[in-house]
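**Q** Compute the structure for the input listed below.
(4 chains)
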2 protein chains.
Amino acid sequence: MDRAECAVMEKFLKGGGLKVTRARKVVLEAFLELEGHMTAELLFTEVKKKDPGIGQATVFRTVKLLSEAGLAREACQDDGAKTYEHAFKHSHHDHLRCERCGKIVEFCDPTIEKAQEAIFVRYGFTPLEHKMQLIGLCAECAAGTGKPDAEGGKS
Amino acid sequence: MDRAECAVMEKFLKGGGLKVTRARKVVLEAFLELEGHMTAELLFTEVKKKDPGIGQATVFRTVKLLSEAGLAREACQDDGAKTYEHAFKHSHHDHLRCERCGKIVEFCDPTIEKAQEAIFVRYGFTPLEHKMQLIGLCAECAAGTGKPDAEGGKS
DNA sequence: ATGCATGCAAAGACTTTGCAAATTC
DNA sequence: GAATTTGCAAAGTCTTTGCATGCAT
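**A** Numbers count the residues shown, from 1 in each chain, chains lettered A, B, ... in the order given. This is a model prediction of the structure:
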């Protein structure tokens, strides 16, 4: 418990009459250590490395708590894999992904942000959030010098 | 078989040594009639209305063919529901969704398109596609005059 | 001490696959 | 006529839930 996220989580738990348990701490730690986007399954694997005694049900339950606490954000890849990413102090960044090697670049573009704002206004909507993914080929893959298929082998 | 999409599908099937079957026609018809985004389940329901004899396996198999043919596009909602939407001559439009009533507005904004292009260039990527969702509250829901919770009751 | 949380395993939801029969080319 | 496709149902994958026990407060 040494990061701001931990304090947020504790506050969230106590505020909701929930308990700060070891399992929840372990899941949060594992979540924080996995920098990027992770599937529930990967998170479970990491949690087990730290504490083999923790069951997947707990991981699933806890990651939902993380979402509610505002620490995690549920996302959904095109292939249907539900993933979680850090949400605390990561407000909204968008993703540029290489179709071939799976590389993910996170970016935030003010022009797009403003344009999105304009869209909300145009249709009379109150903005809440947005999600954007750009999918393309990174320079290496486009040049054919990247490793052929690091993890994009789905269909 | 009277729309351009049907021709595309036929061409795709024959080109791949696949057969144009009644079941596939029915699935394509149902898909075309369902204007918006549909889950595989909803598509299956529609298909059964047209021909109760068609099994869900066929629908699942066929909708994948539609994707391959470029007629359908797999999407994935935040709640994990895998959906399909029209892709033929719908290139890419983006989605503005009301968090509360579930309303979906499709739009296409040149400014954003251009900005996205710029992002690809900035990171040396070759553009393939993009997906964007804006989530907010529509005017009615923001004003509290919309129906409370048409279908957004998830968490 | 109280009551929420846990872990296991079973259940659940959704999608895919195997196989014999039917259909398309 | 040959081979792909179909429909049924079973299997598979991923996630959720039930329940007795364990922990945090």
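
**Q** Give me the distance between the residue in chain A that DNA strand D sits nearest to and A:Leu43.
**A** As assessed by C-beta to the nearest atom of the strand, DNA strand D sits closest to A:Ala57 within chain A, at 3.0 Å. Quick note: C-beta positions are derived from backbone N, CA and C, even for glycine. Separation of A:Ala57 from A:Leu43 (C-beta to C-beta, to the nearest Å): 13 Å.

**Q** same thing with A:Ala23?
**A** In this view, A:Ala23 and A:Leu43 are 13 Å apart by C-beta to C-beta.

**Q** element containing the nearest residue to A:Cys6 once chain neighbours are set aside, please.
**A** What sits nearest to A:Cys6 in space, not counting adjacent residues and going by C-beta to C-beta, 6 or more residues apart in numbering or on different chains, is A:Leu28, at 6.4 Å. Using DSSP states H and E, the element containing A:Leu28 is helix A:22-33.

**Q** Could you check that helix against DNA strand D for contacts?
**A** Yes - using C-beta under 7 Å from any atom of the strand, we find that helix A:22-33 touches DNA strand D at A:Arg22.

**Q** helices or strands up against that helix?
**A** Helix A:22-33 sits against helix A:4-15, helix A:40-50, helix A:56-69, strand A:82-86, with contacts defined as 3 or more C-beta pairs under 8 Å, 6 or more residues apart in numbering or on different chains; DSSP states H and E.

**Q** can you put these in JSON lines and add mean pLDDT?
**A** JSON lines is the format used below for the helices and strands packed on helix A:22-33 (pLDDT from 0 to 100):
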{"stretch": "helix A:4-15", "mean pLDDT": "91"}
{"stretch": "helix A:40-50", "mean pLDDT": "92"}
{"stretch": "helix A:56-69", "mean pLDDT": "94"}
{"stretch": "strand A:82-86", "mean pLDDT": "85"}
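
**Q** between the ones you listed, which one is nearest to B:Ala115?
**A** strand A:82-86 (22.2 Å; C-beta to C-beta).

**Q** Centre of the chain to the next helix or strand after the closest one, how far?
**A** Once strand A:82-86 ends, the next helix or strand along the chain (criterion: DSSP H and E) is strand A:94-98. The chain centre lies 13 Å from the centre of strand A:94-98; the measure is C-alpha atoms, centre = their mean, to the nearest Å.

**Q** Provide the strand pairings for strand A:94-98, with the direction of each partner.
**A** strand A:104-107 (antiparallel), strand A:126-137 (parallel) (DSSP bridges).

**Q** buried stuff in the first one?
**A** Judged by neighbour count (16 or more other C-beta atoms under 10 Å in any protein chain shown), strand A:104-107 contains these buried residues: A:Val105.

**Q** got a list of contacts for that strand?
**A** Strand A:104-107 has contacts (C-beta atoms under 8 Å, 6 or more residues apart in numbering or on different chains) with A:36-37, A:93-98, A:138, B:119, B:122-123, B:125.

**Q** and if you look at stretch A:19-34?
**A** Residues outside stretch A:19-34 that contact it (C-beta under 8 Å, 6+ apart) are A:1, A:3, A:5-6, A:9-10, A:13-14, A:38, A:42-43, A:46-47, A:49-51, A:54, A:58-59, A:62-63, A:65-66, A:71-72, A:84, A:86.

**Q** next one: stretch A:60-72
**A** Stretch A:60-72 is contacted by residues A:5, A:8-9, A:12-13, A:18, A:23-24, A:27-28, A:31, A:40, A:43-44, A:73-74, A:84-88, B:155 when judged by C-beta under 8 Å, 6+ apart.

**Q** Give the ChimeraX command for selecting the buried subset of these.
**A** A single ChimeraX command is used to select the members of the contacts of stretch A:60-72 judged buried by 16+ other C-beta under 10 Å:
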select /A:5,8,9,12,13,23,24,27,28,31,40,43,44,73,74,84,85,86,87,88
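
**Q** so what are the domain limits for chain A?
**A** The record's domain parsing of chain A by automatic domain parsing lists A:3-86, A:94-142.

**Q** Minimum distance to B:Ala142: which of those has it?
**A** domain A:94-142 (4.5 Å).

**Q** So for that closest one, mean pLDDT?
**A** Average pLDDT, domain A:94-142: 84.

**Q** distance between that domain and the chain's centre?
**A** 15 Å.

**Q** Using neighbour counts, pick out the buried residues of stretch A:69-78.
**A** Of all the residues in stretch A:69-78, those buried under the rule 16+ other C-beta under 10 Å are A:69, A:71-76, A:78.
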